[in-house]
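Sharing a model prediction with you, sequence too.
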Amino acid sequence: MQLGAFSISLGVNDLAESRAFYEALGFEAFADMSEHNYLILKNGEAVIGLFQGMFEGMMLTFNPGWDQSAQNTDPFTDVREIKSKLAAAGLGITQEQGGDEGPASFVVTDPDGNTVLIDQHR
C-alpha cells in the first residue's frame, strides 16, 4: 500500500508569525494559499502545512498519487483502496469525503489519539 507524499499539518494561530518562524528554520513557501488561510512549506524533502483556523493541533498527512513535490505519481494506491484495507484491519474511519473516483479523503486516529489524514487530490 503506497500512501504517497508525507507532510505534517499544523493548526496555527497566526499564519504570518508561523511562516516567519519556519522560514527562519530554512523552509520556503511551496504553495502559498495564505488568502485561504494555509501555506505549504518545504525544506529539501521535508514538507510542513500551516493551517490557520481550520483545525487545532497537528496531524500526519499522506497524499496518495503525489510525490514530495506534489507531482503526480503513477501507478499509485487509490484512497478508497487504502480506506478499505484500513477498515478491514479494524481501524475506525472518520471524516470521509469524496465519491467513487477522483479526490477523496478520510481520517484515522492512532492508539494515542494522533490524527492521520489520507487526502487524495486527483
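Great, that's in hand.

quick one: pLDDT of F55?
With respect to pLDDT, F55 scores 89.

where does it land in three-state SS?
coil (DSSP: H, G, I helix; E, B strand; the rest coil).

Give me the distance between P75 and F62.
16 Å (CB to CB, to the nearest Å). Backbone N, C-alpha and C define where each C-beta goes, glycine included.

Find the helix or strand that E23 is a member of.
Here E23, judged by DSSP states H and E, is contained in helix 15-24.

helices and strands around that helix, which ones?
strand 38-43, strand 46-52 (3 or more CB pairs under 8 Å, 6 or more residues apart in numbering; DSSP states H and E).

Of the ones you listed, flag the one that's most buried.
Ranked by mean neighbour count, the helices and strands packed on helix 15-24 are led by strand 46-52 with a mean of 21 (mean count of other CB atoms under 10 Å).

which helices and strands does that strand pack with?
strand 5-12, helix 15-24, strand 38-43.

orientation of it relative to strand 5-12 in degrees?
30 degrees (axes from the mean of the first three to the mean of the last three CA atoms, to 10 degrees).

Any chance you could list what contacts the next helix-or-strand element following strand 46-52?
Sequence-wise, the next helix or strand downstream of strand 46-52 (DSSP H and E) is strand 58-63. Strand 58-63 is contacted from outside by 3-11, 49, 70, 107, 114-121, using CB atoms under 8 Å, 6 or more residues apart in numbering.

can you rerun that using 7 Å?
Strand 58-63 is contacted by residues 3-10, 49, 114-121 when judged by CB atoms under 7 Å, 6 or more residues apart in numbering.

can you pull the buried residues of the strand or helix carrying I82?
Per DSSP H and E: I82 is located in helix 79-88. By neighbour count on 16 or more other CB atoms under 10 Å, the buried set for helix 79-88 is V79, R80, I82, K83, L86.

can you check stretch 50-69 too?
Quick answer for stretch 50-69 (16+ other CB under 10 Å): L50, F51, Q52, M59, L60, T61, F62, N63, P64, G65, W66, Q68.
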